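Chemist: Structure for this input, please:
(chains A, B, C and D)
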2 protein chains.
Amino acid sequence: MFLSSHESGVDAKKRVSVPASFRKALSGEDSVFLWPSIDKPCLEGGGGALVGQFQRAISRLKPLDPRREALSFAIFGRGRHARFDEGGRIVLEADLTSHAGIADKVRFVGLGDRFQIWAPEVHQPRSDSLLRLALDSGDLLDPFIEDAEPAVMR
Amino acid sequence: MFLSSHESGVDAKKRVSVPASFRKALSGEDSVFLWPSIDKPCLEGGGGALVGQFQRAISRLKPLDPRREALSFAIFGRGRHARFDEGGRIVLEADLTSHAGIADKVRFVGLGDRFQIWAPEVHQPRSDSLLRLALDSGDLLDPFIEDAEPAVMR
DNA sequence: TGGGATACCATGGGAAACTATGGGAAACAA
DNA sequence: TTGTTTCCCATAGTTTCCCATGGTATCCCA
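Modeler: Have a look, this model is predicted:
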C-alpha cells in the first residue's frame, strides 16, 4: 500500500526521488505508471495492479461507447510509465509537471491503492479542507456493511 | 484485543517500546499501522484487520466522491506501518509526534479494536471527563439489542 | 508456600545497510 | 556537432538491524 506523505526535490534534470516505501509497495516493478489526475491539478501514480483495474473497467464498456475513448484517452493517452534509475528516481516530463504546476519541489501523498504528486504549495491549502471533510465523513469508516468485495491494495 | 494502558519512554532515536500485550494482540504481525487521529491530538494504531476495515469502507465510495479522497488522505496519507525491531520497539517519526505533542514519554491506551498513543500530559486532563461521560452512558452497556454486527476484535 | 531458576520485557548503543541526492560520462537524437 | 537522455558512480545523513544488559514477572519444584 502507498502510505504516508513525503516531500522530494526536483533537480536540474527533472529527477525526483520516489519515496522508498512507495517503491517497496511496487514490490519489484522497475517503473511506475503516472498520469495527470482527471479532476485535480496533480499527478497520480500506481503499479501494475492499478493499471490492470483501469484496463478491466474500460474494457467493460462497448467499443463504440464514447465514454470508452474518453477514459482511455484521459488515463492511457496522457499517462506513461516512468522507469526508476539506480537511485530510485524518476523523471517528470514537462507535460506532467505543467498539469500539476510542479516546479522544484513535489509532495508525494499515499492513498492506499495509488498515490498523488502535488506541488507542495498547491496541496497545502487543500489539506485542511480534506481533513475537515474526513472528520464529517468519519461514520463511513464503520464496518457496518461487509457485502462489497474489497479493492485490491498492496 | 488491545487492553489496559502503559507508559513508555521515547529514546534519542525516537524509539518507543510497544507494550508486550499489544504486540500479542497483533498475533505475529511484524508491524503496526499508525495514523494521526482525525479528531483528537493523539495517534491511533491497529493491526491488519483494522486496516482491512478501512480499505473496505473507503472502496465502497465512488472514485470521484470527495469523501473518498478525504478519508484516504486522512488515514492512508498520514498513516504508516511501523515495523517492530527485535526488542518490540517502533520509531515515531516527526510528523506523528508533532500531531500528538509527544516529546519524551508516551501513554498507550487500549480501546479494544485499536489503541491510542498520547503525550501523557495531554491525556491526563481528558481522563476525568471521559469517566464522567462513561458514568452517564452506562445504560448503553445493556445487552438488550443483539441485531448489529459486532466490530471485528481480537 | 517459599525460593530459586528461567524466561521475558524494556531499554541502550554500535555497526551495517539504505536513502536521497549530486554529478560525470556514455548513448542517443536532432 | 549540439543538446538531451540514460546509465553509472559517489557520498552524507539517516535508518535499520543486531547484540547487550538490568530489571521484572513467571514458572517450577521441594
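Chemist: got a list of contacts for the lengthiest helix in chain A?
Modeler: If you go by DSSP state H, chain A has its longest helix at helix A:120-136. If you take Cβ atoms under 8 Å, 6 or more residues apart in numbering or on different chains as the criterion, helix A:120-136 is touched by A:7, A:41-42, A:100-101, A:105-107, A:109, A:116, B:38-39, B:66-67, B:69-71, B:73-75. For every residue, glycine as well, the C-beta is placed using N, CA and C.
Chemist: quick one: it near DNA strand C?
Modeler: No: Helix A:120-136 is not in contact with DNA strand C by Cβ under 7 Å from any atom of the strand; minimum separation 12.2 Å.
Chemist: what is the mean pLDDT for that helix?
Modeler: Helix A:120-136 shows a mean pLDDT of 97.
Chemist: Are any of the contacts of helix A:120-136 buried, and if so which?
Modeler: A:42, A:100, A:106-107, A:109, A:116, B:38, B:67, B:69-71, B:73-75 (16 or more other Cβ atoms under 10 Å in any protein chain shown).
Chemist: so which two of those are the farthest from each other?
Modeler: Across these, the longest distance by Cβ to Cβ is 26.2 Å; it joins A:Ala100 and B:Ile38.
Chemist: Let me see the ranges of the helices in chain A.
Modeler: Using DSSP H, helices in chain A cover A:20-25, A:48-59, A:66-72, A:94-100, A:120-136.
Chemist: Out of these, flag the one nearest B:Ala82.
Modeler: Proximity to B:Ala82, assessed across these by Cβ to Cβ, is greatest for helix A:20-25 (11.4 Å).
Chemist: does the closest one come close to DNA strand C?
Modeler: Yes: Helix A:20-25 comes into contact with DNA strand C (Cβ under 7 Å from any atom of the strand), by way of A:20, A:23-24.
Chemist: do the same with stretch A:92-103
Modeler: No: judged by Cβ under 7 Å from any atom of the strand, stretch A:92-103 stays clear of DNA strand C, getting no closer than 12.3 Å.
Chemist: OK, contacts around the spatially most central residue of chain A?
Modeler: By Cα atoms, centre = their mean, chain A has its centre lying nearest to A:Glu44, at 2.4 Å. By Cβ under 8 Å, 6+ apart, the contact set of A:Glu44 is A:34-37, A:114-117.
Chemist: any idea how far it lies from A:Leu50?
Modeler: 9 Å (Cβ to Cβ, to the nearest Å).
Chemist: so what sits against both of those two?
Modeler: Counting by Cβ under 8 Å, 6+ apart, the shared contacts of A:Glu44 and A:Leu50 are A:Arg114.
Chemist: Alright, I will stop here.
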